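> Here you go, sequence then predicted model.
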Amino acid sequence: MFFSTNSNAQDYCAFEMDSLWGYKDKDSIVIKPQFQYAFDFLYGKGVVFHNKKAGVINSRKEIIIPFNYDQIHFLNISLIRITNRNRTDYRGKYDVGVITESGKEVLPMVFNSIYLKNDRLFVEKRRDSLLMEGEFAGWISKIRTYGIFSPNGEPILEPIYDSFEWIKDGLIRIRKGQYYAIANSKGELLTDLKYTGIDDFYNGKSKIRVDSSWGFINIRGEEVIPPKYKMVSAFYTEKATYRKHNGNLGFIDTTGAEIFESNFEILREPHLGCAAARKKGKWGMISTAGKILIPFKHDDYVREFEGVIAFKRKGKWAIFNQNGKQLTKYEFDSILIVGSKESPTGGYWKIRENQYNQPIALVTKGEQKGVINIDGEFIIPLGLLQENLSKELEKLKLR
């Protein structure tokens, strides 16, 4: 029985005195220090420790969950996650379950982890086995499976799946064996478990693969472009690149209409209405309608997503705009865009998005270095020492 000087308060703050823990309501002691440790009250309940075990008391100072667990966590006002360390030789293994504050079992303690999201209980089961034992250690096989339950413990997806991964738009990418499916945030399957690949969603579309062919689904799980291409890029913009099984390359729009096709060797992702391409070993740039914007006479190119465009000819680089207009002479010995991946998911675009106020590139001419923008204008002139160049770059960062 706990002694209290105030029986009306609902949420108390834990405090320590003489190595023991109790509770206060503002400045008044409501539960005298008597626990090994205590957490602040939440939802009118507090987690406390006695003899290295966790239990729960309510605002009436009654023990509502006995001291039987290694860890206790409130998932919400009514659900409590209980955890015991699995007493095996395998590290990181736990027995986790869910109960109510009355002690009623919602999920048995057979899971390795449980979390609550979107009013659903997401679980992980783990099965370990010793593959080989040595003098001081052993090789352990850790097999994890995942599932989803309702708040009252009813299975929505049985814990038989090999991976759950949250992606954009509140969707879950699910894998079992070599096959993937998409589920919504409630755990309801939107596609069959039939795809051998599912990408992230961009502009409401995701690449999907069946065997060796790619197509697209929308966020409702509907196939909007059937899997018939050898390769497709993501819809980072309203256009994407495809390669057919016969080798032809082209562009499609979000309806699946093929708006341009060619026999180029390489065709990059379109953005700003244009894309780099290679023909007979030389690089150029075309519009999404197929118009040649920069002729195929270049040895290399670099391009930031929706940023700086540069092509190399006879060992020198020049800057161009999205319409193919040459903005500088072929005069630079090098141009650095930190990562030339032409997507909004990585490379320099992501760094610039988080740090710099405009698209930029580092250029060199002989021993001189400078920084140029998307319009081919120097925002940091050639000739600065590295120390001064770094200081000027700092001034361009977002604050």
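Thanks, I have the structure now. Numbering: from 1, shown residues only.
> Return, as residue ranges, the portions of this structure with sub-threshold pLDDT.
In the predicted model, the chain carries pLDDT under 70 at residues 1-10, 87-92, 128-141, 338-355, 398-399.
> what's the burial count for the spatially closest residue to Gly215 that is not a sequence neighbour?
Once flanking residues are discounted, Gly215 sits nearest to Pro227: 3.5 Å by C-beta to C-beta, 6 or more residues apart in numbering. In this view, the C-beta of every residue, glycine as well, is placed from N, C-alpha and C. Pro227 has 20 neighbouring residues, counting by other C-beta atoms under 10 Å.
> Please renumber the chain so that the first residue is 174 from this point on.
Okay, using 174 as the starting number, the last item reads as Pro400.
> Remind me which helix or strand Pro400 belongs to.
strand 396-402 (DSSP states H and E).
> Alpha carbons of that strand, as PDB, please.
Extracted in PDB, the C-alpha atoms of strand 396-402 (Å, rounded to 0.1, in the frame of the first residue of the first chain):
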ATOM      1  CA  GLU A 396      -1.500  -1.300 -62.800                       C
ATOM      2  CA  VAL A 397      -1.600   1.900 -64.900                       C
ATOM      3  CA  ILE A 398       1.200   0.900 -67.300                       C
ATOM      4  CA  PRO A 399       1.500  -2.800 -67.700                       C
ATOM      5  CA  PRO A 400       4.900  -4.500 -67.200                       C
ATOM      6  CA  LYS A 401       6.300  -4.800 -70.700                       C
ATOM      7  CA  TYR A 402       9.600  -2.800 -70.700                       C
END
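> now it: how far from the chain's centre is it?
25 Å (C-alpha atoms, centre = their mean, to the nearest Å).
> need the next SSE after it, C-terminal direction.
Beyond strand 396-402 toward the C-terminal end (DSSP H and E), the next one is strand 404-405.
> who does that following strand pair up with?
When pairing is defined by DSSP bridges, strand 404-405 lines up against strand 412-416 (antiparallel).
> The partner strand to strand 396-402, inter-axis angle?
30 degrees (axes from the mean of the first three to the mean of the last three C-alpha atoms, to 10 degrees).
> if we can go back for a sec, didn't the residue nearest to Gly388 look like it was pressed against Ser379?
No: under the criterion of C-beta atoms under 8 Å, Pro400 makes no contact with Ser379, lying 11.8 Å away.
> any chance you could map the helices in the stretch 424-572 of the chain?
For the stretch 424-572 of the chain, helices defined by DSSP state H, counting those that start in this stretch occupy the ranges 520-528, 559-568.
> For the last one, which helices and strands make contact with it?
If contacts are counted by 3 or more C-beta pairs under 8 Å, 6 or more residues apart in numbering; DSSP states H and E, helix 559-568 sits against strand 541-546, strand 551-553.
> Need those strands in JSON lines (columns: distance to Arg476).
Below are the helices and strands packed on helix 559-568 laid out as JSON lines (distance: least, C-beta to C-beta, whole Å):
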{"stretch": "strand 541-546", "distance to Arg476": "14"}
{"stretch": "strand 551-553", "distance to Arg476": "19"}
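> of those, which approaches Leu366 most closely?
With distances scored as C-beta to C-beta, the stretch of the helices and strands packed on helix 559-568 nearest to Leu366 is strand 541-546 (48.1 Å).
> Please compute how far that closest one lies from its chain's middle.
33 Å.
> List the buried residues of it.
542-546 (16 or more other C-beta atoms under 10 Å).
> List the strands paired with it, with their directions.
Taking DSSP bridges as the criterion, strand 541-546 forms sheet pairs with strand 533-538 (antiparallel), strand 551-553 (antiparallel).
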